[in-house]
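Sequence and predicted model, in that order:
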Amino acid sequence: MALITENLVVLNLDYPDRHAATRVLAQALADEGRVTDLDGFLADVRKREEQMPTGLPGGIGIPHARSAYVTEPSLVFGRSPKGIDWGAEDGPATLIFLIAAPEGGGDEHLKILAALARRLMRTEFRESLMNAPDAASVVDVVTREVVNP
Amino acid sequence: MKFVGVTSCPTGIAHTYMAAEGLEQAATAAGHTIEVETQGSAGFDKLSPETIAAADAVIFAVGVPVRERARFAGKPTVDTDVKKAISDGPGLIAQAVALAEEEAANPTAAKAGSPPSGGLVTKVDQGASVGNRIRQWLMTGVSYMIPFVAAGGILIALGFMLAQLFGGKNGAIVVTQMYSLTGPPDPNPTNIVNVVTDFNAADGMHWAALLFLVGAASFSFLVPILSGFIAFAIADRPGLAPGIVGGFIASTIGAGFLGGIATGFIAGFVALWISRWKVPKGLRGVMPVVVIPLLSVFITGALIIVVLGRPIKAVSDGLASWLNGLTGTNLILLGVILGLMMAFDMGGPVNKVAYTFATTGLAAAAVATSGTNLQIMAAVMAAGMTPPLGLALATTIRRHLFSEAERENGQAAWLLGASFITEGAIPFAAADPLRVIPACMLGSGLTGGLVMLFGNTLRAPHGGIWVTPLIGNPLLYLLAIAIGTVVTAAAVIALKAAGPGPVKTELDAAGLAEVVV
């Protein structure tokens, strides 16, 4: 199955705090049947977030977890025009990537997530996501850059 | 310039790779090359020793400690947080360039001091919770100990079998007492056979002794290896020497495997502490080869002797005199107490007190023919057989509660238990002491009491089912052992199923079973 689908893209993600925003993104995974227990998965993400917030310079937030409740490696993309504080020093995050990996995932799957993480460091990749007009283009960009590079 | 880097983070799916990308982009932009080892979840392709040797400097951008850090010893190193490589890759590359230039202008003796890692693997996931990490440290020690348990235990059991075949009903006793590798230590030397100088291939008892002695040699490594690899899991290579030496001392002073776990933790943290000292650059090269081993081995060894030695001796002495004071009380109660003691530390001080109490009585019984002493011996042996047997049963009927390595150990544990080699249960007990030890004590206590109730007697100090001809009322004896075995297995299963049980999957995922080979 695909890493990301149009149902896993949220283009107007405006919530006051990162936990509420994360819940909305995770709900998309639950709706798609990729997460078997929403609260269990959120607890795993939150545990990771509490170790060290996952906000990064340049307006990026990457909440993520390896969790027993995840059935397949998935990416939910959220774009927040107003920005959400994700713990980064240089300001709120506008691009949110919720990365979900199964607990015992095979190497191949994890390599896709590794490739995704590497792409996040490329300015062009971030810009194409920032400027994508709709969910379909987001899926296109990710698929082109990460899944079938 | 050429650099190498290591990146890691608690979850191992995002920051690790972003940091690697950040470093690579920055190095390329500045006209350098870098190879980054991503210690994340998607495999962990080690940098080759040649690549590391060729590097001018090392960058650690990590969220959890670098695995097998000793590979990089002696290199100029930038050691920083994983987020730094994401937010400021160019700054880190600039720092690495500066360090490398400084090193080139003023070389230290460091480069000689970085032997390549021997490929030993720990099962420790650095992002795990404290409880899980403790279990993973223990499991690392256990996984390296298991081959010694299996080889030693099976050899000893085979030795008993052959001895039974060639030496008659006392064969299993004779084989342990009348053969040695170092010549006669006994004041009555005519009876002791030195197997090194006098091995006779035509004599079945000599073969039995050969199996037994090699098995016993393998067993003498249980505690040192357990301790050494617990320390290795905690501190990587620097932990190994103090861990093994500490474990050997624990073994020598009779502290058993629980003592070995203690020395493993002490050695690991001492070595970790010393290897994190900030030392002047000139000293850095001799740290891994001289300073860390010297100090960590001495501190660990001294601590164990001075701090651990005396209380253990006091406990042993106290328990022994308490047991002696119990003679004349209810025999069934005594059987239960001895059973509990046998299973408590499986070769440690408490077990030894119970066992010595029984064998001393046996020696007295040889002259006084006191039935009680023979009953005590019977209870002690039966109680020492149920822990491995119970765990073997548990691994057979509830496979999923155990790791691959444990299941394999469970196969050997049948033979070890049947041969009264209680050590067969140590790998289970060391990996999960809080659940396995109580379960074993329950079964052993019950069996000890039952043997007293049934009035079984035994005239041999060991041998398990191989000395059945020396057991009074053997059928009831086997019944007592069977009951204890089933109770032990049921208790282990109940406790393991009730508690948090993710240990097994994590460890299997980390390839635990493979590293044993």
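The structure has been received and is ready for your questions.

near chain B, which residues of chain A?
By Cβ under 8 Å from any Cβ of the partner chain, the residues of chain A that approach chain B are A:48, A:51-52, A:54, A:56-57, A:62, A:64-66, A:99, A:101, A:103-105, A:107, A:110-111, A:113-115, A:117-118, A:120-122. Heads up, the C-betas are built off the backbone N, CA and C, glycines and all.

Take those residues and keep only those in helices.
Residues of the residues of chain A next to chain B located in helices (DSSP state H): A:48, A:51, A:107, A:110-111, A:113-115, A:117-118.

Show me the shaky parts of the chain.
Looking at chain A here, since you left the chain open. Scanning chain A for pLDDT under 70 picks out the ranges A:1, A:105-109, A:149.

you looked at the wrong chain, it should be chain B
For chain B, the ranges with pLDDT under 70 are B:41-44, B:106-128, B:183-191, B:327-328, B:365-370, B:499-517.

longest helix of it?
helix B:130-167.

List buried residues within the residues of chain A next to chain B.
A:48, A:54, A:56, A:62, A:64-66, A:99, A:101, A:105, A:110-111, A:113-115, A:117-118, A:120-121 (16 or more other Cβ atoms under 10 Å in any protein chain shown).

hey, where'd the strands end up in chain B?
Assigned by DSSP state E, chain B shows strands spanning B:2-8, B:33-38, B:57-62, B:77-81, B:179-180, B:193-194, B:457-458, B:471-472.

can you count the residues close to residue A:134?
11 (other Cβ atoms under 10 Å in any protein chain shown).

same thing with the one 10 residues further on?
For residue A:144, the count of nearby residues is 12 (other Cβ under 10 Å).

Kindly report the same for residue B:272.
When counting by other Cβ under 10 Å, one arrives at 18 neighbours for residue B:272.

same thing with residue B:363?
Residue B:363 has 11 neighbouring residues, counting by other Cβ under 10 Å.

Next up, the contacts around the residue lying closest to residue B:173 once chain neighbours are set aside.
Nearest non-adjacent residue to residue B:173, counting by Cβ to Cβ, 6 or more residues apart in numbering or on different chains: residue B:460, 5.1 Å away. Neighbouring residues of residue B:460 by Cβ atoms under 8 Å, 6 or more residues apart in numbering or on different chains: B:170, B:172-173, B:377, B:381, B:467, B:470.

mind running it again at 7 Å?
B:172-173, B:467, B:470 (Cβ atoms under 7 Å, 6 or more residues apart in numbering or on different chains).

hang on, the earlier thing: mind checking how far the longest helix of chain B is from the chain centre?
Put simply, helix B:130-167 sits 9 Å off its chain's centre (Cα atoms, centre = their mean, to the nearest Å).

near chain A at all, that helix?
No. If you take Cβ under 7 Å from any Cβ of the partner chain as the test, helix B:130-167 misses chain A, and the best it gets is 12.5 Å.

Any buried residues in that helix, and which?
Across helix B:130-167, burial judged by 16+ other Cβ under 10 Å covers B:132-133, B:135-164, B:166-167.

residue closest to the middle of chain B?
residue B:226 (2.1 Å; Cα atoms, centre = their mean).

Pull the contacting residues for that one.
Going by Cβ under 7 Å, 6+ apart, the list of residues near residue B:226 reads B:141-142, B:145, B:247, B:257, B:260-261, B:264, B:430.

change it to 8 Å
Applying Cβ under 8 Å, 6+ apart, we find residue B:226 in contact with B:141-142, B:144-145, B:247, B:257, B:260-261, B:264, B:426, B:430.

ok, the ones in helices among the residues of chain A next to chain B vs residue B:38, which is closest?
residue A:114 (7.0 Å; Cβ to Cβ).

need the contact list for that closest one.
Residue A:114 is in contact with B:13, B:16-17, B:38, B:40, B:42, counting by Cβ under 8 Å, 6+ apart.

quick one: which of these has the most company?
Using other Cβ under 10 Å as the neighbour criterion, residue B:16 leads the contacts of residue A:114 with 32 neighbours.

so it touches residue A:118, yeah?
No. Taking contacts as Cβ atoms under 8 Å, residue B:16 lies outside contact range of residue A:118: 9.9 Å.

Tell me where chain A has strands.
A:9-10, A:55-56, A:60-61, A:64-67, A:74-84, A:93-102.

now those strands in JSON lines, with distance to residue A:18?
Below are those laid out as JSON lines (distance: least, Cβ to Cβ, whole Å):
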{"stretch": "strand A:9-10", "distance to residue A:18": "14"}
{"stretch": "strand A:55-56", "distance to residue A:18": "8"}
{"stretch": "strand A:60-61", "distance to residue A:18": "7"}
{"stretch": "strand A:64-67", "distance to residue A:18": "13"}
{"stretch": "strand A:74-84", "distance to residue A:18": "5"}
{"stretch": "strand A:93-102", "distance to residue A:18": "8"}
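
So which of the contacts of residue B:460 wins on neighbours?
Each of the contacts of residue B:460 was scored for neighbours by other Cβ under 10 Å, and residue B:172 scores highest at 28 neighbours.

Count the neighbours of the nearest residue to it once chain neighbours are set aside for me.
Setting aside the residues directly before and after it, residue B:172 is nearest to residue B:463 in space (Cβ to Cβ, 6+ apart), at 3.5 Å. The number of residues packed near residue B:463 is 27, by other Cβ under 10 Å.
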